[in-house]
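Student: with the input below, show me the fold.
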Amino acid sequence: MTGVSRAMLVRLVAGMALGAGALLAAGQVGASGFAGHDANAPVDYAAERMELLDKEHRVILSGDVRITQGDLTVRAPRTVVEYANQGSLQIQRLDASGGVTVTRGDESARGDVAAYDFNARVITLAGNVVLTRAGGDNLRSGRLVIDLNSHLTTTSAGPGGRVSGSFTVPKKGK
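Tutor: Predicted coordinates for the structure are as follows:
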């Protein structure tokens, strides 16, 4: 997986923190924008290539991969989808790598790798994470984790780094 092992992804990957409401100094973000995300919506995909590894219950998508669930879109060069086959295919986990962009409405997040654990309802993004919102708010960190159950997003710095960003201030009318 382009220099990143699956074990590294499991440890590193932590949050496509789209929908961050208020960034707190403690590194926790209220994920108000994600509160309305339908984690049960169907998942659609498009890619230049698809490889089905049926015995391993995995699908490898590569080449301009686009995955959507409701109003959430994930784009990456490569994505591995793990599934259970219980009469129908049921997605368990999605791991994207090679530079990932996640968008929802006027918000976007970028990072090196991302994961979406459909059972735990946790979305993650790690490595050079940048979150931006249309109003100009932004956040830079090493890792973000969104818990779709609690609607809490947590962010932390990468090794030796810090969480940083900018808030916009409303202009006072004269």
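Student: which residues in the protein form strands?
Tutor: Along the chain, the stretches classed as strands by DSSP state E are 28-30, 43-46, 49-53, 58-69, 72-85, 89-104, 107-117, 122-133, 138-147, 152-156, 164-166.
Student: any chance of those in CSV with distance to Lys172 and mean neighbour count as columns?
Tutor: Yep, even glycine has a C-beta here, placed from its N, CA and C like the rest. Listed next are these as CSV, based on distance: least, Cβ to Cβ, whole Å; neighbours: other Cβ atoms under 10 Å:
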stretch, distance to Lys172, mean neighbour count
strand 28-30, 25, 20
strand 43-46, 44, 14
strand 49-53, 54, 12
strand 58-69, 40, 18
strand 72-85, 35, 19
strand 89-104, 30, 20
strand 107-117, 26, 24
strand 122-133, 21, 24
strand 138-147, 22, 24
strand 152-156, 30, 21
strand 164-166, 19, 13
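Student: export those strands as TSV, with columns for mean pLDDT.
Tutor: What follows is the strands of the chain, written out as TSV (pLDDT from 0 to 100):
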stretch	mean pLDDT
strand 28-30	42
strand 43-46	94
strand 49-53	95
strand 58-69	96
strand 72-85	94
strand 89-104	92
strand 107-117	93
strand 122-133	91
strand 138-147	90
strand 152-156	87
strand 164-166	88
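Student: between these, which one is nearest to His37?
Tutor: Closest approach to His37 among these (Cβ to Cβ): strand 72-85, 6.1 Å.
Student: ok, the closest one: who's next to it in the sheet?
Tutor: strand 58-69 (antiparallel), strand 89-104 (antiparallel) (DSSP bridges).
Student: just the CA trace of the longest one, in CSV.
Tutor: Taking only C-alpha atoms (Å, rounded to 0.1, in the frame of the first residue of the first chain), the coordinates of strand 89-104 have been written out as CSV:
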residue,chain,number,x,y,z
LEU,A,89,-22.1,-7.5,0.1
GLN,A,90,-21.9,-5.4,3.3
ILE,A,91,-19.1,-2.9,3.5
GLN,A,92,-17.1,-3.2,6.7
ARG,A,93,-14.2,-0.8,6.1
LEU,A,94,-12.8,1.6,3.5
ASP,A,95,-9.1,2.5,3.5
ALA,A,96,-8.0,5.2,1.1
SER,A,97,-4.3,6.2,0.4
GLY,A,98,-2.1,8.2,-1.9
GLY,A,99,-3.5,11.6,-0.9
VAL,A,100,-7.1,11.7,0.1
THR,A,101,-9.7,14.5,-0.2
VAL,A,102,-13.0,14.4,1.6
THR,A,103,-15.8,16.9,0.9
ARG,A,104,-19.2,17.6,2.4
